[in-house]
Structures are given as structure tokens and as C-alpha cells.
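Enquirer: Have a look at this prediction, sequence included:
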Amino acid sequence: NAGVTQTPKFRVLKTGQSMTLLCAQDMNHEYMYWYRQDPGMGLRLIHYSVGEGTTAKGEVPDGYNVSRLKKQNFLLGLESAAPSQTSVYFCAARDSNQPQHFGDGTRLSIL
Amino acid sequence: GNSVTQMEGPVTLSEEAFLTINCTYTATGYPSLFWYVQYPGEGLQLLLKATKADDKGSNKGFEATYRKETTSFHLEKGSVQVSDSAVYFCALKVRAGGTSYGKLTFGQGTILTVHP
């Protein structure tokens, strides 16, 4: 997964704190995605981007914001963290007609 | 809407046993189908894919055939190894056109544990 890098890998927050997860890709791919992975629920799409400067809502966008100011970076923000946002977050990137490449994930715990 | 249903896990097998993980789907439009694998502590990796009916995807001894008539894409391997222990996800992507933008719909994942 050298092409998609997520930082940080682990983080513990208190309820109400804010933070930003960074996804960086070096493949010059147009499309980027943020998912959350919860036990028994597979991966669910939070937000996605079809190119620099664009973002769109996915399946579970509430409580999250995203930005794609540069093509290689896709940021996921939590303005006021809640325990329900405890999850493993995955970023993915792809080019046209190609499969998605995933990062190694960020494990986030909200106390 | 689109959905993917995988067989309930976890699945526990002995080395060299035969593996089947069932996957069925519902989709608006004509989907492409995928199996992703997630090894412990890692992200998802594409294992195999099929883009049209009757196509067979294969990789690392795993196979899956796109069955449109039964809306299924079951994953099989004839002889599993300890190193195959992982979580397996079935997923679909509806063809471009409209606003799909390549979004994947995942099943809930199946945990596979292979014992020596």
C-alpha cells in the first residue's frame, strides 16, 4: 500500500475534541474516498472526491467534513468527536477504470 | 439501491481444506464485482474481480465466477494455507454513468482463520 499513506495510524480523543485525518497519495489519481469500518458492517463510504477542489457526501457523512485542496491530499475532519465515531478509517484512491487502492487505516477511539 | 450480502463468519478451517465464502448482491444497473482481502493490521487489497456475467476472476489460488442468474460471486479456494487467514470482503461497483463515480458497496466481511 505504498501509494496511499494515512496519518496518524492511531489516535485517542475525548468527546468534543476535533481532529483531522490526512490521506496522501502519490499516484496522481483523480478519485479519493474515505470509509469507516465497523464490526459486522463492512466498509461504509463517508465522503469522496472526484478531483481537486471537489467533494461529495457518501453513505454516512454526518459529523464529518472533508477537503481536497490539493490533488494528492484528502483530509477528513471531525469537528466535535463523539463516541459513535470510534472506528477504523480507511482512505482509498483510484484512477479511471481502475480498482481502488487502500491505505493501511487509522484506528480512532473516542472516549 | 445496491447491497452485498456475505455468508456469516467467522470461518475456521484446517490447512489444505476447501474454502467457500458465499456472496450475493442486488444492484441497480450492471455491476462489476470484487473480492478484497484484509490481512491483520493492514488495509484492503484487491484479490480478484470480474466485470461481466460468466467471467471468472482468479488470483493466488482463489477463484470467483460472476453469476448473473443467481446474482452471486462466491469465493473459492481448493486448499487453504495458514497465510490465508484474513478478512474477506465482497464488493460491487455499478458501471460509470450517472453519479456512481466508482463508489464501492461492501459486504460485511468474513473472518477466515486457518489452523495448521
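Expert: Arrived safely. Numbering: from 1, shown residues only, chains lettered A, B, ... in the order given.
Enquirer: Going by C-alpha atoms from here, please, whenever you check contacts or count neighbours.
Expert: OK.
Enquirer: So for residue 111, what's the pLDDT?
Expert: All of this is about chain A. For residue A:111, the pLDDT comes out at 95.
Enquirer: The intended chain is chain B.
Expert: The predicted local confidence for residue B:111 is 94.
Enquirer: just residue A:1 next, same as before
Expert: pLDDT, residue A:1: 45.
Enquirer: Residue B:92 now?
Expert: Residue B:92 is given a pLDDT of 93.
Enquirer: can you tell me the helix or strand for the closest residue to it other than its chain neighbours?
Expert: The shortest distance from residue B:92 to any non-neighbouring residue, by CA to CA, 6 or more residues apart in numbering or on different chains, is to residue B:33 (4.5 Å). Here residue B:33 sits within strand B:31-38, counting by DSSP states H and E.
Enquirer: what comes into contact with that strand?
Expert: B:44-52, B:66, B:73, B:75, B:86-95 (CA atoms under 8 Å, 6 or more residues apart in numbering or on different chains).
Enquirer: Would you mind giving me the ChimeraX syntax to select the buried ones in those residues?
Expert: Filtering the contacts of strand B:31-38 down to the buried ones (16 or more other CA atoms under 10 Å in any protein chain shown) takes a single ChimeraX command:
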select /B:44,45,46,47,48,49,50,51,66,73,75,86,87,88,89,90,91,92,93,94,95
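Enquirer: What ranges does chain A have for its strands?
Expert: Applying DSSP state E to chain A gives strands spanning A:4-7, A:10-13, A:19-25, A:31-37, A:43-49, A:56-57, A:65-67, A:73-78, A:87-94, A:101-102, A:106-110.
Enquirer: would you list those strands in TSV and tack on distance to residue B:82 and mean neighbour count?
Expert: Formatted as TSV, the strands of chain A follow (distance: least, CA to CA, whole Å; neighbours: other CA atoms under 10 Å in any protein chain shown):
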stretch	distance to residue B:82	mean neighbour count
strand A:4-7	27	20
strand A:10-13	28	13
strand A:19-25	32	20
strand A:31-37	24	25
strand A:43-49	25	23
strand A:56-57	39	14
strand A:65-67	39	19
strand A:73-78	36	21
strand A:87-94	25	25
strand A:101-102	24	25
strand A:106-110	26	19
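Enquirer: which residues touch the nearest residue to residue A:34 once chain neighbours are set aside?
Expert: Closest residue in space to residue A:34, ignoring its immediate chain neighbours: residue A:91 at 4.6 Å, by CA to CA, 6+ apart. Shown in contact with residue A:91 (CA under 8 Å, 6+ apart): A:4, A:6, A:23, A:32-35, A:102-103, A:105.
Enquirer: do that again at 7 Å, thanks
Expert: Residues in contact with residue A:91 (CA atoms under 7 Å, 6 or more residues apart in numbering or on different chains) are A:23, A:33-35, A:102-103, A:105.
Enquirer: now residue B:55
Expert: So residue B:55 contacts B:65-66 (CA under 7 Å, 6+ apart).
Enquirer: Check the one 3 residues further on too.
Expert: Under the criterion of CA under 7 Å, 6+ apart, the contact partners of residue B:58 comprise B:48, B:64.
Enquirer: For it, give me the pLDDT.
Expert: 97.
Enquirer: Helix, strand, or coil at it?
Expert: Using DSSP: H, G, I helix; E, B strand; the rest coil, the structure places residue B:58 in strand.
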